[in-house]
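K.L.:
Structural data only, the sequence is not supplied:
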């Protein structure tokens with residue numbers, strides 16, 4: 001009981017009236033609520049460690065001579081050798097075949113052709129497959145997709161739908177019926 005009396009006397013020394021204690025509690029709650037609502041309104045200020053910065057990427061500058069070299073190399077590999085028919089064509093492999101860097105080849109395709117490496121390779125594969133669909137109407141779309149360089153049938157179907165807006169079999173039916 002003596003300890004309790006001692007604690008209440010200490011409490012009354014710091015807080016002589018209950019009104020002062022209530023005022024302090026209210027002020028504290030007000031500060032917490034103000035901070036909370038401010039954080040809700042300006043939530044981006046309180047995302048710790050995620051300050052966003054604008055990063056400007058410099059466009060890769062490729063000389064005209066390098067552009068010409070890349071253009072002729074791509075033409076030789078894609079138009080003449082039809083390297084896109086191989087399913088394991090990768091950007092590093094192609095860049096080493098052309099004696100250039102991965103970065104330079106990627107920058108060339110992005111800046112000059114307006115597409116990334118996979119889109120570029122798939123454009124050739126889709127052109128080949130659309131020709132094969134009409135040239136060999138009895139051949140299955142699976143065989144044509146795999147023969148065109150796609151690694152799987154689902155990848156072929158998805159890329160074909162994205163390019164032509166229809167499945168390969170629908171494309172074949174439409175084109176063959178319009179030829180008659």
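P.N.:
Structure's in. What do you need? None of these values were measured; they are calculated from a predicted model.

K.L.:
Spit out the contact partners of residue 171.
P.N.:
Residues counted as contacts of residue 171 (CB atoms under 8 Å, 6 or more residues apart in numbering) are 130, 133, 160, 164. Every C-beta, even on glycine, is put in place using the N, C-alpha and C of the backbone.

K.L.:
That one: helix or strand, and which one exactly?
P.N.:
helix 168-179 (DSSP states H and E).

K.L.:
Enumerate the positions of that helix that are buried.
P.N.:
Buried residues in helix 168-179, counted by 16 or more other CB atoms under 10 Å: 168, 171, 172.

K.L.:
and the contacts of residue 171, which two are the farthest apart?
P.N.:
Across those, no pair lies farther apart than 133 and 164, at 10.2 Å, counting by CB to CB.

K.L.:
Please identify which of the two sits among more neighbours.
P.N.:
Between residue 133 and residue 164, counted using other CB atoms under 10 Å, residue 133 has the larger neighbour count: 22 against 15.

K.L.:
So for the nearest residue to the more buried one once chain neighbours are set aside, what pLDDT did the model give?
P.N.:
Spatial nearest neighbour of residue 133, excluding adjacent residues (CB to CB, 6 or more residues apart in numbering): residue 172 at 4.5 Å. On pLDDT, residue 172 comes in at 96.

K.L.:
Provide a list of residues in contact with residue 95.
P.N.:
Counting by CB under 8 Å, 6+ apart, residue 95 has contacts 101, 102, 104, 105.

K.L.:
rerun that using 10 Å as the cut-off
P.N.:
When contacts are counted by CB atoms under 10 Å, 6 or more residues apart in numbering, residue 95 touches 70, 73, 101, 102, 103, 104, 105, 106, 108, 117.
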